[in-house]
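give the three-dimensional model of this entry:
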Amino acid sequence: MTPLQPGDRMDHFRLEELAARSGMASIFRATDTRTGETVAIKIPHSEMECDPVFFDRFQREEIIGRKLDHPGVMKVLANPDRSRVYMVMEWVEGRPLRELLTEPVPQERAIGFALSICDALDHIHSAGVVHRDLKPENVMVDGSDRIKLIDFGVAGARGLARLTFGKLSHLMGTPTYISPEQVRGRRGDARSDIYALGSILYEMLTGRAPFQGPNPLVVMNQRLRDDPVPPRRIDPRISPQVEQIVLRALERDPRHRYSTIGELARDLEHPEEMAAASRVAGGADRTGKQTASKRAALYALLALIPITILCALLLVARQA
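I've put the predicted structure just below:
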């Protein structure tokens, strides 16, 4: 099949320009010739259309997109009469958040972005959907700093069968933002999106990702084994309360993270209500407390030795 080009017609759509291209699909800005509306058209590459795993994934993305209706989430538009496989979506003006991360984002603005993402995630989680690939490339920002979440290609949804990942296993999240439980091969839940948002907020505030390495395997291994450098060590201008929020979102054990996106949003809205003292990274903090407790127990035991010896000597003296 001849690849489509700008200027080509497809059903009642005229393709205007190639907006993005990945290894699996191309996205065009297009015009609906019946309404004059500008839309985005996602068209799988011809070799992918014959792949049943990819086709299942593509269908799921459309089903999930159709059930979501929120100003912070890109809409998938109904289009029942199609001559080939493609998806019609609203055209989103703006640029990916990634393009803003060439340097740290001021704290107030970073929190504003995070709160907008929280609002969108709250909607999708309420609908039983987990994004599972939240990253700056999948957050569009317009000229007024309004955001839209895009690309639900690996999202999970309540009521839909699990995907057979096969060739798509490498697409189950992005190494820089994937949660530890996803690294271990679990599907992930709403707390996985919270972890990813924590990673994005960390990067906005510090100008660097929480974990870095020469290849994805190193980065994912760090996520399982290490704790991120506390943000204030990178930039002391970050408030202790915001540091606490970020590190709680980045807890390795999902049981220690925020349990809902609403809880995270409440702390971001009122950071002044959090404890004033900065904390060390969650796992490191717990490890430090455990080490201190063990050290204190050891010192207490050592202190008891001379007392025990003295008591024994007194007992012997009395018996004598």
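
and the strands in this protein?
If you assign secondary structure with DSSP state E, the strands in the chain sit at 9-10, 13-21, 25-32, 38-44, 87-90, 95-96, 129-130, 139-141, 147-149, 156-157.

any chance of these in a markdown table, plus mean neighbour count, mean pLDDT and distance to Pro236?
For the C-beta atoms, the positions are set from N, CA and C on the backbone; glycine is no exception. Output for these, formatted as a markdown table (neighbours: other C-beta atoms under 10 Å; pLDDT from 0 to 100; distance: least, C-beta to C-beta, whole Å):
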| stretch | mean neighbour count | mean pLDDT | distance to Pro236 |
| --- | --- | --- | --- |
| strand 9-10 | 14 | 94 | 54 |
| strand 13-21 | 15 | 94 | 38 |
| strand 25-32 | 20 | 95 | 41 |
| strand 38-44 | 21 | 95 | 42 |
| strand 87-90 | 20 | 96 | 42 |
| strand 95-96 | 14 | 96 | 29 |
| strand 129-130 | 23 | 95 | 35 |
| strand 139-141 | 21 | 97 | 27 |
| strand 147-149 | 23 | 97 | 28 |
| strand 156-157 | 18 | 83 | 39 |
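
so which of those comes closest to Ala78?
strand 87-90 (7.9 Å; C-beta to C-beta).

residues touching that closest one, excluding its own?
The list of residues contacting strand 87-90 from outside it, by C-beta atoms under 8 Å, 6 or more residues apart in numbering, reads 13, 39-42, 58, 61-62, 65, 74-79.

mind doing that once more with 10 Å?
By C-beta atoms under 10 Å, 6 or more residues apart in numbering, the residues outside strand 87-90 that reach it are 11, 13, 25, 27, 30, 32, 37-44, 58-59, 61-62, 65-66, 73-79, 82, 148, 150.

and that strand, how far out from the chain's middle?
What separates the centre of strand 87-90 from the centre of its chain is 23 Å, taken as C-alpha atoms, centre = their mean, to the nearest Å.

same question for stretch 58-69.
Averaged C-alpha coordinates place stretch 58-69 at 19 Å from its chain's average position (C-alpha atoms, centre = their mean).

next, the buried residues of it.
Within stretch 58-69, the residues that qualify as buried are Phe58, Arg60, Glu61, Glu62, Ile64, Gly65, Leu68, counting by 16 or more other C-beta atoms under 10 Å.

surely the first one is in contact with Val76?
The reference is to Phe58. No: with contact taken as C-beta atoms under 10 Å, Phe58 and Val76 are classed as non-touching, separated by 11.3 Å.

hey, what's in contact with both of those two?
Contact criterion C-beta under 10 Å, 6+ apart; residues shared by Phe58 and Val76: Lys42, Met87.

for Arg82, see how far away the closest residue to Pro271 other than its chain neighbours is.
Spatial nearest neighbour of Pro271, excluding adjacent residues (C-beta to C-beta, 6 or more residues apart in numbering): Gln241 at 3.9 Å. Gln241 sits 51 Å away from Arg82 when distances are taken as C-beta to C-beta, to the nearest Å.

ok, these two, which is more surrounded?
Each of Gln241 and Arg82 had its neighbours counted (other C-beta atoms under 10 Å), and the higher figure belongs to Gln241 (19 against 12).

confirm for me that that one is in contact with Met274.
Yes: in this structure, Gln241 is within contact of Met274 by C-beta under 10 Å, at 4.2 Å.

joint contacts of the two?
Counting by C-beta under 10 Å, 6+ apart, the residues touching both Gln241 and Met274 are Asp267.

any idea how far the most centrally placed residue in the chain is from Met89?
To find the centre residue of the chain, average its C-alpha atoms and take the closest one (C-alpha atoms, centre = their mean): that gives Ala196, at 2.1 Å. As judged by C-beta to C-beta, Ala196 and Met89 stand 22 Å apart.

His123 now?
Counting by C-beta to C-beta - His123 and Met89 are separated by 17 Å.

any low-confidence regions in the stretch 101-250 of the chain?
159-173 (pLDDT under 70).

helices along that one, start to end?
If DSSP state H, counting those that start in this stretch is used as the criterion, the helices of the stretch 101-250 of the chain fall at 107-126, 180-183, 190-206, 216-225, 231-234, 240-249.

if we can go back for a sec, mind listing what the residue nearest to the centre of the chain touches?
Taking C-beta under 10 Å, 6+ apart as the criterion, Ala196 is in contact with 117, 121, 131-135, 138, 173-174, 176-179, 182, 188, 249-250.
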